[in-house]
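Engineer: sequence first, predicted model second:
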Amino acid sequence: MAILSIPDLNKTIHDVSEIRHFLNTRGIFFDQWQADVVFEDSANQEEILKAYESSLTPFMNSGGYQTADVITINKLTENYEAIRNKFLAEHTHSEDEIRFFVDGEGLFWFNLENEPVFNLLCEKGDLISVPEGTKHWFDAGETNPFVKAIRIFIDMSGWIPDYTGSGLEGRFAEFRVER
């Protein structure tokens, strides 16, 4: 179940309808899909994509998306600290960033114009589309990371991050989600 937090307003939203409305009015697509397939740790990308093909295909066709892959991050991920630091720096993309969480969780942070910075804890079943050009960063977790998500692309080159260099993410480094 997703949790939306606005640290500067000391506000936390747990209600999915409220979260969806908050995000959608800011141009961020959010939905929840069934994610009832349990995968072994050894499950490969093809198995995971095949398990969700009936949901992915119509979504991808309607949005003109061409390809999908799976990202898996856990405590055994090599060079995790370097990978985490890359995601933690505020950046944008020239294409929408779409993730469907099939297991685990991750925290998306958003820095929109004329808005307080906010975040969304995405968990199993959550689907998010961060619009191209949106300033954001992502945290898979510091001590026990676990994310298994399907990423959807028009062109994978659109996912190359364009770092803003703002350093804003450092202001929120100690934030913890209220469950």
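Structural biologist: Yep, it's here.
Engineer: pLDDT score for S42?
Structural biologist: On pLDDT, S42 comes in at 81.
Engineer: then it would be within a helix, right?
Structural biologist: No - with DSSP: H, G, I helix; E, B strand; the rest coil as the criterion, S42 is located in coil rather than a helix.
Engineer: from T72, how far out is it?
Structural biologist: The gap separating S42 from T72 is 11 Å, by C-beta to C-beta, to the nearest Å. To be clear about C-beta, it is placed using only N, CA and C from the backbone, and glycine gets the same treatment.
Engineer: okay, the two: which has more neighbours?
Structural biologist: Remark: of S42 and T72, T72 carries more neighbours, 19 against 6, as counted by other C-beta atoms under 10 Å.
Engineer: show me the helices in the protein, by range?
Structural biologist: In chain order, the chain shows helices spanning 16-24, 45-51, 53-63, 80-88, with DSSP state H as the criterion.
Engineer: what residues of the shortest one count as buried?
Structural biologist: Just to be clear, that refers to helix 45-51. I48, A51 (16 or more other C-beta atoms under 10 Å).
Engineer: packing partners for that helix?
Structural biologist: Applying 3 or more C-beta pairs under 8 Å, 6 or more residues apart in numbering; DSSP states H and E, one finds that helix 45-51 contacts strand 67-74, strand 146-153.
Engineer: for that helix, give me every contacting residue.
Structural biologist: V37, F39, L56, A68, D69, V70, V102, K148, I150 (C-beta atoms under 8 Å, 6 or more residues apart in numbering).
Engineer: and if we set it to 7 Å?
Structural biologist: For helix 45-51, contacts defined as C-beta atoms under 7 Å, 6 or more residues apart in numbering pick out V37, F39, L56, A68, D69, V70, V102, I150.
Engineer: please apply the same query to the first one.
Structural biologist: Residues external to helix 16-24 that are found in contact with it (C-beta under 7 Å, 6+ apart): A2, L4, I13, F30, Q32.
Engineer: among those, which pair sits farthest apart?
Structural biologist: Spatially, the most separated pair among the contacts of helix 16-24 is I13 and Q32, at 14.4 Å (C-beta to C-beta).
Engineer: summarise which helices and strands the longest strand along the chain is packed against.
Structural biologist: Longest strand in the chain, counting residues (DSSP state E): strand 97-110. Using 3 or more C-beta pairs under 7 Å, 6 or more residues apart in numbering; DSSP states H and E as the contact test, the elements touching strand 97-110 are strand 118-123, strand 126-130, strand 136-139, strand 146-153.
Engineer: any buried residues in the longest one, and which?
Structural biologist: Right, strand 146-153. Neighbour counts over strand 146-153 (16+ other C-beta under 10 Å) mark V147, K148, A149, I150, I152, F153 as buried.
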